[in-house]
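*Asks:* For reference, the sequence and a predicted model appear below.
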Amino acid sequence: MKRLKKNKIIYVSTFFAVFAMFFIVGCCEQPNKEETRKVHVIYDTDANNEVDDQFALAYMLFNGDYFVVEGVTVNATSSPDGYSNYSKVEWHYDEAKRVMQLCSVWDKILLYTGAQNSFEEIKNHIEDQKFDGHEAVDFIIEQAMKPREDRLVLLSVGKLTNIALALKKEPRIAEKVRIVWLGSNYPRPGEHNQDWDIPSMNYILDVDVPFEMVTVRYGNPSGTSAVMVAKTEVNRRMPGTGPKLSEPVTGRHGGEFYYWGDYAVELYNKYESHMWGDPKGRALFDMAAVAILKNSDWAENYCHPAPVFTDGQWVERPENKREITIWEWFDIYAIPADFFETMHNYNIVSE
């Protein structure tokens with residue numbers, strides 16, 4: 001299947017028409033499993049924010065042929081029903097727990113509470129025994145320092161506070177980790193994950209550690225905002241997916257759920273007011289970050305001297321020898337197709 005190229009004239013309505021056709025006539029290509037070494041990863045998330053964190057977490061947890069999930073860590077950004085209210089980190093913990101329970105890994109994979117506040121507010125307290133976010137930060141350091149064949153991937157789909165604090169507390173982990181972050185509209189300003197803790201991002205941009213920005217780029221076809229899924233597809237393809245639990249899990253909005261897929265439908269439908277296009281849908285930004293770890297051919301990337309974000313804009317540093325990787329132009333056909341395929345033919349990860 002051909003990948004999406006840089007055609008700048010892409011409209012949501014056209015996308016959904018092609019997307020619907022794709023599910024009728026096409027299928028996505030899969031990487032060769034025999035040549036794929038499992039990726040060891042910590043998933044760092046503001047799980048209670050919207051719906052893409054939960055979809056991405058389930059997608060990872062059901063890809064046991066590709067991932068070993070060492071643990072899940074949470075941090076706090078906005079509330080699930082708005083974008084201005086700072087929510088409690090406990091709410092993000094509870095939502096991640098629900099997804100892990102519904103994916104049958106709650107008794108296998110550890111979940112840790114991370115930062116409520118920002119990098120600047122916490123950084124001078126990291127030598128305290130119980131600083132804000134210490135459970136997640138200490139876990140990241142512990143896992144990073146373990147001997148491995150490959151670097152431990154820190155997949156961040158929220159603010160970068162936990163990871164920046166871990167690097168500051170134990171600089172040696174920079175030689176042992178690879179940070180993949182779903183965030184930023186680079187080279188334009190704005191974006192939720194970035195704006196909740198800009199200093200943590202700038203700190204990492206100045207540390208010599210592999211750092212990959214999986215761009216969002218709201219409304220731009222080159223970012224993960226183009227990786228959209230229609231509400232009709234979620235309602236048609238997700239019910240009953242995942243293992244059936246013996247005891248139900250109470251959802252974020254109430255109700256009892258025996259299947260991850262049923263909870264996914266309920267979450268998705270709650271966000272209809274934030275959907276667009278014909279048929280209506282929304283982007284599943286975070287899920288694309290998991291997808292490119294599974295198959296790097298599902299996006300394009302390039303190396304670039306690490307910029308810095310100052311006074312509300314990106315400032316280029318062309319002489320900077322420290323480079324980062326920027327991901328863009330995601331395969332808007334293969335990624336959603338693989339997500340739905342995984343939901344129906346899941347392989348639960350090991351810890």
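*Replies:* Looks like it arrived, so ask away.

*Asks:* Look at residue 236 and say how many residues are nearby.
*Replies:* Burial of residue 236, expressed as a neighbour count using other C-beta atoms under 10 Å, amounts to 12. For every residue, glycine as well, the C-beta is placed using N, CA and C.

*Asks:* looking at this, it is in a helix?
*Replies:* Yes - looking at residue 236 with DSSP: H, G, I helix; E, B strand; the rest coil, it is inside a helix.

*Asks:* residues in contact with it?
*Replies:* Contact analysis of residue 236 by C-beta atoms under 8 Å, 6 or more residues apart in numbering lists nothing.

*Asks:* What mean pLDDT does the helix or strand in which residue 233 is found get?
*Replies:* Here residue 233 is covered by helix 231-237, with elements defined by DSSP states H and E. In this model, helix 231-237 has an average pLDDT of 97.

*Asks:* How about stretch 202-212?
*Replies:* Averaged over stretch 202-212, pLDDT sits at 98.

*Asks:* residues in contact with stretch 254-274?
*Replies:* Stretch 254-274 has contacts (C-beta under 8 Å, 6+ apart) with 50-51, 54-55, 58, 98-99, 102-103, 231, 234-235, 238-245, 248-253, 280, 282, 343.

*Asks:* Rounded mean pLDDT for that stretch, please.
*Replies:* Per-residue pLDDT values over stretch 254-274 give a mean of 94.

*Asks:* For it, measure first residue to last.
*Replies:* Here the two ends of stretch 254-274 are set 20 Å apart, with distance taken as C-alpha to C-alpha, to the nearest Å.

*Asks:* Now for residue 178: which residues touch it?
*Replies:* With C-beta under 8 Å, 6+ apart as the criterion, the residues that contact residue 178 are 151-154, 210, 212.

*Asks:* of these, closest to residue 298?
*Replies:* Using C-beta to C-beta, residue 212 comes nearest to residue 298 of the contacts of residue 178, at 13.9 Å.

*Asks:* now this protein, which segments are flagged as low pLDDT?
*Replies:* 1-36, 79-86, 351 (pLDDT under 70).

*Asks:* Now do the helices in it.
*Replies:* Counting by DSSP state H, the chain forms helices over residues 12-25, 52-61, 89-102, 119-122, 134-144, 161-169, 192-195, 198-205, 231-237, 260-270, 285-294, 334-344, given from the N-terminal end onward.
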